[in-house]
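S.K.: fold the following, please.
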Amino acid sequence: MSLAALPGGKLLGGTTTSPGTGGEKKATQAELYIMDLEIRRVDWHAAVFPGAQSYTDLCAGPAGLVFGFADQKRFFVFDAGKRQVVHEQDTSAPFGPCTSQQGTQAFVTDGKGNFYILFVKGVARLDPRTFDITWLAQSPVSIGGGGDYLDGRIYFIHGSHLYSYSLKGAVGVPGGDAAVR
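M.R.: You can find the predicted model right below:
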């Protein structure tokens with residue numbers, strides 16, 4: 001369901017129990033795993049959150065940490081070196097679920113060390129040091145998926161339409177309007 005590149009030629013992957021179109025559900029809980037790409041072998045796997053059905057999205061952060069979502073509402077920070085969760089937070093009350101569709105990109109980075117999260121209800125900023133999440137803007141439409149950054153804007157979809165959010169002048173972001181277009 002989700003992948004994040006790790007240092008040393010490894011990948012952190014997150015599975016789902018959802019079988020996809022026409023499949024039969026066989027797994028009862030999702031797992032995280034670390035794969036060594038050079039030898040093409042899974043080094044480690046575990047049901048980090050017992051009962052979780054999907055690791056919705058993963059994003060490599062600083063210092064070997066990986067940001068992730070389990071079941072669209074449990075934000076977590078995973079230390080891949082220690083193979084343990086170092087922070088977790090239920091985001092369902094303050095933010096609602098993160099986006100989740102095929103090709104989920106709930107996390108968006110701008111290439112300058114800033115991290116953003118797309119929730120169904122809007123765009124938030126993630127502080128990679130404190131793991132605090134703060135609203136930047138609520139969206140006038142539900143955010144379905146997508147999630148990419150280009151020239152100071154975060155892009156996402158709603159149905160068949162493309163929308164964007166300008167980061168210029170946004171509260172907590174150097175330099176946006178709070179308008180989603």
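
S.K.: low-scoring stretches of the chain, by residue?
M.R.: Applying pLDDT under 70 to the chain flags residues 102-104, 169-181.

S.K.: run the last query once more with 90
M.R.: By pLDDT under 90, the low-scoring segments of the chain are 1, 18-28, 56, 98-105, 111, 140, 144-147, 157, 159-160, 168-181.

S.K.: give me the neighbour count for P128.
M.R.: If you count neighbours by other Cβ atoms under 10 Å, P128 ends up with 18. Every residue, glycine included, has its C-beta placed from N, CA and C.

S.K.: how much space between it and F107?
M.R.: As judged by Cβ to Cβ, to the nearest Å, P128 and F107 stand 11 Å apart.

S.K.: list residues touching both of those two?
M.R.: The contact sets of P128 and F107 overlap at 67, 115 (Cβ atoms under 8 Å, 6 or more residues apart in numbering).

S.K.: give the pairing partners of the helix or strand harbouring I154; include direction for each.
M.R.: In the assignment (DSSP states H and E), I154 maps to strand 153-158. According to DSSP bridges, strand 153-158 forms sheet pairs with strand 145-150 (antiparallel), strand 161-166 (antiparallel).

S.K.: distance of the residue of the chain most remote from its centre from F78?
M.R.: No residue in the chain sits farther from the centre than I39, which is 27.2 Å out by Cα atoms, centre = their mean. To F78, I39 is 22 Å away according to Cβ to Cβ.

S.K.: isn't R83 right up against D43?
M.R.: No - with contacts counted by Cβ atoms under 8 Å, R83 stays clear of D43, the gap being 9.3 Å.

S.K.: which one's more surrounded, these two?
M.R.: Counted by other Cβ under 10 Å, R83 and D43 do not tie: R83 has more neighbours, with 15 against 11.

S.K.: count of residues packed around the closest residue in space to P19 that isn't next to it in sequence?
M.R.: In this structure, P19 finds its nearest non-sequential neighbour in K25, 5.0 Å apart by Cβ to Cβ, 6 or more residues apart in numbering. For K25, the neighbour count with other Cβ under 10 Å is 11.

S.K.: in the host helix or strand of F78, what counts as buried?
M.R.: Using DSSP H and E, F78 sits within strand 74-79. By 16 or more other Cβ atoms under 10 Å, the buried positions in strand 74-79 come out as 74-78.
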